[in-house]
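Engineer: what would the 3D arrangement of this be:
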Amino acid sequence: MRDKTQTNSAAPGDRLIRAGAVVFFLGAVATLVTVTPLFLGAKPFPTFMFGLSMLMAVGFLLAGAGVLRSVAAGRRQARGASR
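Structural biologist: Modelled structure (predicted):
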């Protein structure tokens, strides 16, 4: 089985997982930037900046969807190989 799998081949959910990680990271940075003025006693950012913090949740959902897609593809492949 190992000889049939290419090391650089992309599984069905890999792009979603990578995109989710990037979006999650951007959301984490936005959260840090948004919360920092609250700790420093400075004027808080506008409300839309708090909305950017929701990118963490969106990234988490994207990565989760990618994992589920990858699992489904693995199940289909295993079901096809057992027949």
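Engineer: center of the chain, which residue is that?
Structural biologist: With distances taken as CA atoms, centre = their mean, Gly20 lies nearest the centre of the chain, 2.0 Å away.
Engineer: return the helix or strand in the chain with minimum mean pLDDT.
Structural biologist: Ranked by mean pLDDT, DSSP states H and E, the weakest helix or strand in the chain is helix 47-52, scoring a mean of 85.
Engineer: returning to that earlier point: tell me which element the residue nearest to the centre of the chain is part of?
Structural biologist: According to DSSP states H and E, Gly20 maps onto helix 14-40.
Engineer: what's that helix packed up against?
Structural biologist: In terms of contacts (3 or more CB pairs under 8 Å, 6 or more residues apart in numbering; DSSP states H and E), helix 14-40 is packed against helix 47-52, helix 55-82. In short, each C-beta sits where N, CA and C put it, glycine included.
Engineer: so for Phe25, which of those sits nearest?
Structural biologist: helix 55-82 (7.3 Å; CB to CB).
Engineer: low pLDDT regions in the protein?
Structural biologist: 1-9, 83 (pLDDT under 70).
Engineer: the residue nearest to the centre of the chain contacts Leu62, correct?
Structural biologist: Yes - counting by CB atoms under 8 Å, Leu62 is a contact partner of Gly20 at 3.3 Å.
Engineer: what about Met56, distance to Phe48?
Structural biologist: Distance, Met56 to Phe48, using CB to CB, to the nearest Å: 16 Å.
Engineer: out of the two, which sits in the busier spot?
Structural biologist: More neighbours surround Met56 than the other of Met56 and Phe48, with 18 against 8 (other CB atoms under 10 Å).
Engineer: correct me if wrong: that one contacts Ala28.
Structural biologist: Yes - contact criterion CB under 8 Å: Met56 and Ala28 qualify, at 5.8 Å.
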